[in-house]
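1. Sequence first, predicted model second:
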Amino acid sequence: MGELQITTKIPKPFWPNAWGKRTCVMGILNITPDSFSDGGNYLEINSAVERAAVILEQGADVLDIGAQSTRPGAEDIGYKAELSRLIPSLKKIRQLHPEAIISIDTFNSKVAEKSLEIGANWINDVSGGRKDPDMFKIVAEADIPYVLTHSRGDSKSMNSLSTYDNLIDDIHQELLKQTEIAMSFGIRQENIIWDPGLGFAKNTQQNLQILKDIEELSMGLFPLLIGPSRKKFIGDILGIAIPEQRIWGTAAIACRCSKANVNIIRVHDVFEIVNILLMSEHLW
């Protein structure tokens, strides 16, 4: 692989005002019946729109909307079903919040393309472009921020693909490989955000190692997004089976992200994490 040139320019628009100054918050809105934590809560358009308003009022810098669950074992519903869930709520949310930065959590290029036409600003792709190579073309043409996540396999197979020679180095190299492919399609380096993919083909101890070694992951090349919210590994450590009760484990990770100058953390509990990060900034 060739050498990537480090750039510092942050393109506008579609970046939070606080980008690079503090750890920003991405608030999660799942329009799904089967997400591990809040599946079924926001399927109806009114409930989704109301939840989006709450997330933004609580201080989220970016609103991340997903209509395809990516939890282990989730079914791939196809782009048509994903669009039918997503588009009505997205249209209304964009109408009501014209200044909000909206990210779409999808690995499907057709969903990304339609969402961007309606007014989405980011694409958050848990497959890192592996699932649908056309994703890179759509993102390059739109010239928007793109979250490129480290993952292996898919929702059905990822739990069996957690063997690494050297965890941090392997993640770094696999992210670099997908990044070079993305850039070959014309995605600008300045638009790429790396997500090491907590819970995606990683076991509990591997997730912990990623969090301990966050600073080693990007080596200054790319901004980092961390998505720990209510995940199973927190429950494993704390002995908490109910995802909604894992907030304080998520909070501890938020503090770690603040100390490591992570650019953005993706969470369900926006109010709590926004305040925890505000306090953490003063401590660190």
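-> Yep, it's here. Keep in mind that what you see is a predicted model, and the values were worked out from it rather than measured.
2. Sketch out the low-pLDDT regions of the stretch 1-150 of the chain for me.
-> 1-13, 34-41, 43, 73-74 (pLDDT under 70).
3. And the strands in it, which stretches?
-> For the stretch 1-150 of the chain, strands defined by DSSP state E, counting those that start in this stretch occupy the ranges 24-30, 62-66, 102-105, 122-125, 146-149.
4. how about these in CSV, adding mean neighbour count and distance to residue 207?
-> For the C-beta atoms, the positions are set from N, CA and C on the backbone; glycine is no exception. Below are these laid out as CSV (neighbours: other CB atoms under 10 Å; distance: least, CB to CB, whole Å):
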stretch, mean neighbour count, distance to residue 207
strand 24-30, 26, 18
strand 62-66, 25, 20
strand 102-105, 26, 19
strand 122-125, 27, 19
strand 146-149, 26, 14
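5. for those, which one sits closest to residue 240?
-> Of all the strands of the stretch 1-150 of the chain, strand 24-30 sits nearest to residue 240, with 18.5 Å by CB to CB.
6. what's that closest one packed up against?
-> In terms of contacts (3 or more CB pairs under 8 Å, 6 or more residues apart in numbering; DSSP states H and E), strand 24-30 is packed against helix 45-57, strand 62-66, strand 264-267, helix 270-283.
7. Please identify the buried residues of stretch 121-138?
-> By 16 or more other CB atoms under 10 Å, the buried positions in stretch 121-138 come out as 121-132, 135-138.
8. go on, stretch 44-51?
-> In stretch 44-51, counting by 16+ other CB under 10 Å, buried: 45, 48, 49, 51.
9. I'd like to check which residues are in contact with the third one.
-> The neighbours of residue 49, taking CB atoms under 8 Å, 6 or more residues apart in numbering as the test, are 89, 92, 93, 96.
10. Restricted to buried residues, select these in ChimeraX.
-> Remark: buried members of the contacts of residue 49, expressed as a ChimeraX selection using 16+ other CB under 10 Å:
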select :89,93
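11. JSON lines please, covering the contacts of residue 49 and showing distance to residue 253.
-> Below are the contacts of residue 49 laid out as JSON lines (distance: CB to CB, whole Å):
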{"residue": "89", "distance to residue 253": "28"}
{"residue": "92", "distance to residue 253": "32"}
{"residue": "93", "distance to residue 253": "27"}
{"residue": "96", "distance to residue 253": "31"}
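12. Show me the contacts of residue 49 that map onto helices.
-> Secondary structure from DSSP state H places 89, 92, 93, 96 of the contacts of residue 49 in helices.
13. Distance check, the third one against residue 65.
-> Separation of residue 93 from residue 65 (CB to CB, to the nearest Å) stands at 7 Å.
14. Quick check: neighbours shared by the two?
-> 48, 52, 102.
15. Mind putting those residues into CSV with distance to residue 173?
-> What follows is these, written out as CSV (distance: CB to CB, whole Å):
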residue, distance to residue 173
48, 38
52, 37
102, 32
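16. on that earlier part again, out of the contacts of residue 49, who's nearest residue 204?
-> Checking the contacts of residue 49 against residue 204 with CB to CB, the nearest one is residue 89 at 33.5 Å.
17. Apart from its chain neighbours, what residue comes closest to that closest one?
-> residue 48 (4.0 Å; CB to CB, 6 or more residues apart in numbering).
18. nearest to residue 106, of the ones in helices among the contacts of residue 49?
-> For the ones in helices among the contacts of residue 49, the nearest to residue 106 is residue 89 (13.7 Å; CB to CB).
19. got a list of what that closest one touches?
-> By CB under 8 Å, 6+ apart, residue 89 lies in contact with 31, 42, 45, 48, 49, 52, 65.
20. Of these, which pair is most distant in space?
-> 45 and 65 (12.1 Å).
21. rewinding a little: just the contacts of residue 49 now: which is nearest residue 265?
-> Once CB to CB is applied, the member of the contacts of residue 49 that ends up nearest residue 265 is residue 93, at 21.2 Å.
22. Check the gap between that closest one and residue 79 for me.
-> For residue 93, the distance to residue 79 - CB to CB - is 20 Å.
23. Check residue 282 too.
-> From residue 282 across to residue 79, the span is 45 Å (CB to CB).
24. Give me the more crowded residue out of these two.
-> A direct count of neighbours by other CB atoms under 10 Å for residue 282 and residue 79 places residue 79 higher, at 21 against 7.
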